[in-house]
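Undergrad: The following comprises the amino acid sequence and a computationally predicted model.
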Amino acid sequence: MADGSLAAADLLAFVRRDREHRGGYDRDLFGYPTSFGGGCDTRDEVLARDSSTRVQMDSVGCQVIAGDWYSPYDGVTTERPEDLQIDHVVALKEAWDSGAWQWTPAALEAYGNDLTDVRSLRAVTGDSNQAKGDKDPSNWLPSNAADVCRYVGDWVAIKVRWHLSMDDSEFGRIRNLLRWPCVGRRVAAMPALPVDVP
């Protein structure tokens, strides 16, 4: 298509299927959140990006203190940043088990703080983020039914872009969702990776 979008079902064919790697996971290896200078870190950057209005910052540093957010997973709106957590759409442990265990430290940090693709990190309510945890779509989907297909499309795009595998149950559930109710789901073109990964 002229807009550069891709069919999620076609993209799924590029995902390698494999058993998940077990052992060695340490969240700190991903360096989240990282500082971007001037007191701003990954959390602040995502909050500022995802607010529908210009955020208010504290008078010193870069902490976001107010804005207007919509949490797509559960359809909740809030003006309070303390209600929100930053979700790694494909959770750090899921990424580790799906191939990141063999990455360089620079690649791990780039993934943990990926602002180059809006799909990677989302500001969502703490309740929805805690419910999701490190689950994949075979055992968790957004409670907001209107967000399920976007979420599944984003999941596929992230897995393909970062060369991450899927296990059989994850692949099967996503394939079935893309047959119905998400048939015809398209995803925006993926930007180049900020680092090389195997």
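TA: Arrived safely. Residues are numbered from 1 along each chain as shown.
Undergrad: Contacts for the lowest-mean-pLDDT helix or strand in the chain next, please.
TA: In the chain, no helix or strand scores lower on mean pLDDT, DSSP states H and E than strand 35-37, which sits at a mean of 81. Residues outside strand 35-37 that contact it (C-beta atoms under 8 Å, 6 or more residues apart in numbering): 41, 42, 45. From N, CA and C alone the C-beta is placed, and that goes for glycine too.
Undergrad: For ChimeraX, what selects the buried ones among those?
TA: Only the buried members of these end up in this ChimeraX selection, burial being decided by 16 or more other C-beta atoms under 10 Å:
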select :41,42,45
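Undergrad: Filter the contacts of strand 35-37 down to the ones in helices?
TA: The members of the contacts of strand 35-37 that map onto helices under DSSP state H are 42, 45.
Undergrad: As a markdown table, the contacts of strand 35-37 with distance to residue 138 and pLDDT would be great.
TA: Shown next, in a markdown table, are the contacts of strand 35-37 (distance: C-beta to C-beta, whole Å; pLDDT from 0 to 100):
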| residue | distance to residue 138 | pLDDT |
| --- | --- | --- |
| 41 | 32 | 95 |
| 42 | 27 | 97 |
| 45 | 30 | 95 |
